[in-house]
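# Attaching a predicted model along with its sequence, questions to come.
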Amino acid sequence: MNTDPNEAAITALINDAKSRFEEAHLRWKEAQQAAAGAAKTHKENATVLAEIDSRLAVHLQHRDLVIEESGVTQLRGTFRLSRRLLATGAMLTTIGALLFALGLPSAEPSDNGATQVMRFTPGVPIPDEGEAIVVQIVGLAGQLEECGAQDLDGVLVAGPAEITEVVIGETAPASCQGEWLLPAGSWHKVSGREP
């Protein structure tokens, strides 16, 4: 049997190529298995991460709801306090107005014959209209006592009634000049003359 040296070299090359191909094929299978394992691990990791993300989303949603409920509760408490303060202020204002109204002197004549309050406003100028009058005021005390001891020239603005308004002019002492609101019985007319 005669063998050709080229044939032996070709057979060696073919055998070498086959062994390399089988080795490469084996490596490719190992790489494919490793890739499949990595893909499976990645898929498992993705599933675990999705589950964690879902739990976190529910937790954050619950947290936001609790925070919103807390804010509403705080505002409700603030509004309750505000309503109480406003109601208290309204009641105090009403009570104050009622007490003020009760403290004002009555414009109607009193049934028990009590004397109404005399009022004096200094510095009121003499009006152009009215009857010239000389009056004497009785029952004065304190700083205005000197006004009751003499006859005072003035102008009768509102005629004799329950309250008579008289403006005392410049001929009287300076402490007596001004507008007098005189209840009935606290003054009498000395004389009256035309302006």
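Here it is on my side, so go on. Numbering: from 1, shown residues only.

# now the helices: where do they sit in this structure?
Applying DSSP state H to the chain gives helices spanning 5-103, 145-148.

# quick one, which of those helices is packed in tightest?
helix 145-148 (a mean of 15; mean count of other CB atoms under 10 Å). C-beta coordinates here come from the backbone N, C-alpha and C atoms, glycine included.

# I'd like the helices of the chain written out as a markdown table, with mean pLDDT added.
Listed next are the helices of the chain as a markdown table, based on pLDDT from 0 to 100:
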| stretch | mean pLDDT |
| --- | --- |
| helix 5-103 | 91 |
| helix 145-148 | 68 |
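
# Would you reformat these as TSV and include distance to E179?
As requested, the helices of the chain are exported to TSV (distance: least, CB to CB, whole Å):
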stretch	distance to E179
helix 5-103	22
helix 145-148	13
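
# Can you check the pLDDT for H188?
pLDDT for H188: 57.

# Counting neighbours, what do you get for E131?
Applying other CB atoms under 10 Å, we find 15 residues neighbouring E131.

# Quick check: closest non-adjacent residue to it.
Leaving out its chain neighbours, the residue that sits closest to E131 by CB to CB, 6 or more residues apart in numbering is L156, at 4.4 Å.

# Any idea what that neighbour is bridged to?
E131, V166 (DSSP bridges).

# so what's it scoring on pLDDT?
L156 is assigned a predicted lDDT (pLDDT) of 70.

# I figured it hits I133, correct?
Yes. Judged on CB atoms under 8 Å, L156 makes contact with I133 at a distance of 4.5 Å.

# Neighbour count for the two, which is higher?
I133 (22 against 17).

# thought the more buried one was touching G154?
Yes. Counting by CB under 8 Å, I133 does reach G154; the two are 5.9 Å apart.

# can I see the domain layout of this protein?
If you go by automatic domain parsing, the domain ranges for the chain are 1-104, 119-193.

# Need phi/psi at Q177.
Dihedral angles of Q177 (phi, psi; degrees, to the nearest 10) stand at phi -70, psi 130.
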